[in-house]
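[1] Pasting the sequence and the predicted coordinates here, then a few questions.
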Amino acid sequence: MKKQLSVLFLLISCLFVLSACSIGSEEETSEDKTYKVGIDVTYPPFEYKDGDTYKGIDIDLIKAIAKDQDFKIQFEAMDFSGIIPALQANQLDVAIAGMSITPERKKVVTFSDPYFEAGLILVVKEDNNKIKSVDDLKGEKVAVKKGTTGAKYATDNAEKLGITVTQFNDSPAMFQEVKNGNAAALIEDYPVISYANKQQNLGLKLVGDRLNGDNYGIAVLKGENEELMKKINEGLANLKESGEYDKIVDTYLK
Ligand code: GLN
């Protein structure tokens, strides 16, 4: 009887150890994935580098979403024009980069619910009194950033407006071109250029009406990471509901 009991005890402890092991390994496979998030760090107040850390509305927002929905992320900084190709090449899982939701991009990516209202604006040097809207651009050079909605607007309307379009890899290079007088104007997202112009004393001014209206969305490759996108939308809704979304925006835009 005593022997039987100890065999039973041994069996039970074996089972216990086994089940503990399998719980452990399950956790490792499903929850340990770290999602790679593509960002454009030339884009304050949404994303920028401060020393060794990334900061900005987009950075705090995706971090808060990941915390709320219990997934892990890792940032990958790159040129804006490289972000969608990197999603397509499976080098990224997610993109948050002040990226406007557009019908063309929707063919390739799935966007989250909109999280910020933006739109394009024309920008010239502060002392330029000649150019008041896109109708005054005839014969002028216009600087844009590769792969952006601003670049698309300029190239789509180049003939009609009579402009030459020069493309740059990042926003600071594009701002510099107009500061230097190499280009007469640039096209940038309204919230970004109004922030940068004030913060960095760029000596530029915003002219005319907004050229369009659009919204930023978080993106994953279409047909992939759709489960993750569900979590992103849930997290975003929770942050809006709890007031944390407003707190994040207020940290950078006051
Ligand atoms: N919102 C613009 C776009 O989606 C610009 C984004 C950016 O420069 N990071 O094209």
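    It's in.
[2] Can you pull the poorly scored residue ranges out of the stretch 151-254 of the chain?
    Within the stretch 151-254 of the chain, the set of residues satisfying pLDDT under 70 is empty.
[3] Within range of the ligand, give me the residues from it.
    Counting by Cβ under 6 Å from any ligand atom, the stretch 151-254 of the chain comes close to the ligand at Asp189. All C-beta atoms are positioned from the backbone trio N, CA, C, and that covers glycine.
[4] which residues does the closest residue to the ligand within the stretch 151-254 of the chain bridge with?
    Closest residue of the stretch 151-254 of the chain to the ligand, Cβ to the nearest ligand atom: Asp189 (4.8 Å). On the basis of DSSP bridges, Asp189 takes part in beta bridges with Leu120.
[5] wouldn't it be in contact with Gly98 here?
    Yes - with contact defined as Cβ atoms under 8 Å, Asp189 and Gly98 form a contacting pair (6.4 Å).
[6] quick one: contacts for Ile131?
    Leu122, Val124, Leu137, Glu140, Ala184, Ala185, Val207 (Cβ atoms under 8 Å, 6 or more residues apart in numbering).
[7] so which helix or strand takes in it?
    Assigned by DSSP states H and E, Ile131 belongs to no helix or strand.
[8] Need the pLDDT of it.
    pLDDT recorded at Ile131 is 98.
[9] For Leu211, which three-state class applies?
    coil (DSSP: H, G, I helix; E, B strand; the rest coil).
[10] Hmm, it is touching Leu120, no?
    Yes - counting by Cβ under 8 Å, Leu211 touches Leu120, with 4.1 Å between them.
[11] and the gap between the residue in the stretch 101-250 of the chain positioned nearest to the ligand and Thr42?
    Closest residue of the stretch 101-250 of the chain to the ligand, Cβ to the nearest ligand atom: Thr148 (3.4 Å). Distance of Thr148 to Thr42, computed by Cβ to Cβ, to the nearest Å: 11 Å.
[12] is it true that Ala95 touches Leu87?
    Yes - the criterion here is Cβ under 8 Å, and Ala95 meets it with Leu87 at 5.9 Å.
[13] which residues do the two both contact?
    Gly38, Val109, Ala219, Val220.
[14] And the first one, which helix or strand is it part of?
    The reference is to Gly38. strand 34-39.
[15] hmm, who's touching the strand or helix carrying Glu241?
    Assigned by DSSP H and E, Glu241 belongs to helix 226-242. Applying Cβ under 8 Å, 6+ apart, the contact partners of helix 226-242 are 35, 61, 64-66, 68-69, 71, 93-94, 110, 112-113, 115, 218, 220, 245-246, 248.
[16] Swap in 7 Å and give it another go.
    35, 64-65, 68-69, 71, 93, 110, 112-113, 115, 218, 220, 245 (Cβ atoms under 7 Å, 6 or more residues apart in numbering).
[17] What about Lys240, how many residues nearby?
    By the criterion of other Cβ atoms under 10 Å, Lys240 has 13 neighbours.
[18] count of neighbours near Pro45?
    Neighbours of Pro45 using other Cβ under 10 Å come to 20.
[19] which residues in the stretch 1-150 of the chain form strands?
    Assigned by DSSP state E, counting those that start in this stretch, the strands in the stretch 1-150 of the chain fall at 34-39, 42-43, 47-50, 53-55, 72-77, 94-95, 109-111, 116-118, 120-125, 141-145.
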